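[1] Curious how this folds, go ahead:
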Amino acid sequence: MNFDFREIATATMVLFAVIDIVGSIPVIIGLRSKFGEIQSGKAALVSAMIMIAFLFVGEEILKLIGIDANSFAVAGSFVLFFLALEMILGIHLYKDEKATSASIVPIAFPLVAGAGTMTTLLSLRAEFQSVNIIVAILLNIILVYLVLKSSAKIEKMLGENGLSIIRKVFGVVLLAIAVKLFAANVKGLFA
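    Numbers count the residues shown, from 1 in each chain. A predicted model of the protein is given here:
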């Protein structure tokens, strides 16, 4: 096992920006008030299991249907690009289905381990070692758990303007990561 702290830090930041758990606090607050208590531990555990499983099974699915990692990484860079635009501009290009309960389904999937997270995991897999990505997933899951557990306190502390600033800053970081991911993998399409 080769732990690379640069890879862990980069993958952690990428996943943090894509999961956007801090930016999701208003959604979490809404679900909590509408449906009652959110099982923070269960939601975090299921999210981790989904992401780690997809990290390994996702690549096999790609091989099965004949898509190489470079193609998927370039496609992933477009998804990240549009997610970043949503965060920066405050627009919604993708609409999720309305939640009917505050169970695992709306929190663990698609809020935490959604389409953007899945795409990001496979894109990261093209560049980083799996062990470093798993560490990054676990670090993010710890943060997800802490945010779910204390979302009401965080909302009061940051206020609406604070949440908006954090969302926009991570949107710019995600946009830069999308450009880097595209540039690093687009050459492989023509090789």
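[2] what are the ranges of the helices in this protein?
    5-19, 25-35, 40-65, 69-89, 104-106, 115-127, 130-149, 151-189 (DSSP state H).
[3] ok, and which of these has the densest surroundings?
    Ranked by mean neighbour count, the helices of the chain are led by helix 115-127 with a mean of 22 (mean count of other C-beta atoms under 10 Å). No exception for glycine: its C-beta is placed from N, CA and C like everyone else's.
[4] about what we covered before: same list as before, the helices of the chain that is, but in a markdown table and with mean pLDDT included.
    Output for the helices of the chain, formatted as a markdown table (pLDDT from 0 to 100):
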| stretch | mean pLDDT |
| --- | --- |
| helix 5-19 | 94 |
| helix 25-35 | 75 |
| helix 40-65 | 91 |
| helix 69-89 | 82 |
| helix 104-106 | 75 |
| helix 115-127 | 85 |
| helix 130-149 | 96 |
| helix 151-189 | 83 |
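[5] contacting residues for the nearest residue to residue 123 once chain neighbours are set aside?
    Closest residue in space to residue 123, ignoring its immediate chain neighbours: residue 76 at 3.5 Å, by C-beta to C-beta, 6 or more residues apart in numbering. Shown in contact with residue 76 (C-beta atoms under 8 Å, 6 or more residues apart in numbering): 119-120, 122-123, 181.
[6] Next: residue 122.
    Shown in contact with residue 122 (C-beta under 8 Å, 6+ apart): 54-55, 58-59, 62, 69, 72-73, 76.
[7] ok so, going back, the contacts of residue 76: which two are farthest apart?
    Of all pairs drawn from those, the greatest distance, 11.1 Å, lies between 122 and 181 (C-beta to C-beta).
[8] any shared contact partners between these two?
    Counting by C-beta under 8 Å, 6+ apart, the residues touching both residue 122 and residue 181 are 73, 76.
[9] In contact with the residue lying closest to residue 83 once chain neighbours are set aside, which residues?
    Leaving aside its sequence neighbours, residue 83 sits nearest to residue 116 (C-beta to C-beta, 6+ apart; 5.0 Å). If a contact means C-beta under 8 Å, 6+ apart, then residue 116 has 18, 79-80, 83 as its contacts.
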